[in-house]
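Could you work out the structure for the sequence below:
(chains A, B, C and D)
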2 protein chains.
Amino acid sequence: MKDLEQQLIAKQIKPTAMRLLVLDFLKEQSAAQSLTDIELKMERTDRVTIYRTIRTFEENGLVHRIDDGSGITKFALCAADCNVAGHHDLHLHFYCSECKETHCLPKTTIPEVKLPTGYQLVETQLIVKGICQACLT
Amino acid sequence: MKDLEQQLIAKQIKPTAMRLLVLDFLKEQSAAQSLTDIELKMERTDRVTIYRTIRTFEENGLVHRIDDGSGITKFALCAADCNVAGHHDLHLHFYCSECKETHCLPKTTIPEVKLPTGYQLVETQLIVKGICQACLT
DNA sequence: ACTTAATTTGCAATACGATTGCATCTGCTT
DNA sequence: AAGCAGATGCAATCGTATTGCAAATTAAGT
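Numbering: from 1, shown residues only, chains lettered A, B, ... in the order given. Sure thing, here's the model as predicted:
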């Protein structure tokens, strides 16, 4: 548990019991989780607390928000080298229309986009939909 | 008005008064519109009717749905060469964090993405966030 | 340990977009 | 003109996101 605490402290987040539990939970997940996912899969939880915990995590650059087009916001732990200032998702997200799970694909980089003149780019977000490994077999 | 009717008929949509009004409205917009946008900007409208009208348009490949990450689904007319079978957005969408408007940038094509083996791609969706021309000046 | 101040947590309540059910209306067919 | 199918409008519901407030917990000082 000590390492979880350290991880929170490193991001200037006070390590409360709840936060440790949520962080621990998120670490075990391979797919991005919605608030409802977390609420249902964890025991003895209050939705609002999860909501605020995740929001704190997000503000401090510990998790990033993913909008995979399903209409439900999901969250996943940031990579170790994420920092608060620019923790935009530089990797793409894969949404499986079969199992409805969303996975981060950090290995796959986002190709650079050239915008028409006059547009100033701040963030690029790439969602790829298809069928994932597990569902293909 | 005749051309609007033709446009609906060409997509196998029965040209009712409501549908002509909505199509006409959409044609005048430069930015993608949410249901609420349409409801508020058009007069004498019922949200549900707009909802179903837009859904019909979408199913018949007349408009496409845009999830720009704002949490609110928006819609825009498809380009002329869209067809029902594969009217996935092959262009990218630009979301201005200043004016909150979402514009289609049909001229800018989506770079090809190479997925890890085992993933089967169906659709690619690219949202770029930043500041648009109008808001920069 | 004890008190106090500041966060955090949990419950209730609200806001809002999306969606459905159903009754009515409209327009076309016979 | 009657009948029928689809379109429309209203009421109601669902689910997620979000806020207010009081109780509980944590951190800090004595």
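
Which is the succeeding secondary structure element to the helix or strand containing A:Leu105?
A:Leu105 belongs to strand A:102-109 when assigned by DSSP states H and E. Using DSSP H and E, the helix or strand that follows strand A:102-109 in sequence is strand A:120-131.

Could I get the average pLDDT for whichever helix or strand comes after that next one?
Per DSSP H and E, strand A:120-131 leads on to helix A:133-136 as the next helix or strand towards the C-terminus. The average of the pLDDT scores along helix A:133-136 is 90.

ditto for stretch A:2-14
92.

go on, stretch A:68-76?
On average, stretch A:68-76 scores 92.

Kindly report the same for stretch A:96-110.
87.

Spell out which parts of chain A neighbour DNA strand C.
Residues of chain A lying close to DNA strand C (Cβ under 7 Å from any atom of the strand) are A:13-14, A:16-19, A:44-46, A:48-49, A:52-53, A:56, A:71. Any C-beta I mention is one placed from the backbone N, CA and C, and that applies to glycine too.

when you check DNA strand D, which of those turn up near it?
Answer for the residues of chain A next to DNA strand C near DNA strand D (Cβ under 7 Å from any atom of the strand): A:14, A:16-17, A:48, A:52.

which pair in these spans the largest distance?
A:Lys14 and A:Val48 (17.9 Å; Cβ to Cβ).

Near chain B, which residues of chain A? Just list them.
With Cβ under 8 Å from any Cβ of the partner chain as the criterion, chain A meets chain B at residues A:67, A:69, A:71, A:73, A:92, A:94, A:97, A:105, A:107-108, A:111-116, A:118-133, A:136.

what about the helices in chain A?
Per DSSP state H, chain A carries helices over the ranges A:2-10, A:17-28, A:35-41, A:47-59, A:133-136.

okay, the ones you listed in JSON lines with distance to B:Glu5 and mean neighbour count next?
Formatted as JSON lines, the helices of chain A follow (distance: least, Cβ to Cβ, whole Å; neighbours: other Cβ atoms under 10 Å in any protein chain shown):
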{"stretch": "helix A:2-10", "distance to B:Glu5": "62", "mean neighbour count": "13"}
{"stretch": "helix A:17-28", "distance to B:Glu5": "53", "mean neighbour count": "16"}
{"stretch": "helix A:35-41", "distance to B:Glu5": "44", "mean neighbour count": "16"}
{"stretch": "helix A:47-59", "distance to B:Glu5": "48", "mean neighbour count": "16"}
{"stretch": "helix A:133-136", "distance to B:Glu5": "43", "mean neighbour count": "14"}
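
can you redo the ones next to DNA strand D among the residues of chain A next to DNA strand C as a markdown table with distance to A:Leu8?
As requested, those are exported to a markdown table (distance: Cβ to Cβ, whole Å):
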| residue | distance to A:Leu8 |
| --- | --- |
| A:Lys14 | 7 |
| A:Thr16 | 9 |
| A:Ala17 | 11 |
| A:Val48 | 20 |
| A:Arg52 | 15 |
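
Alright, I will stop here.
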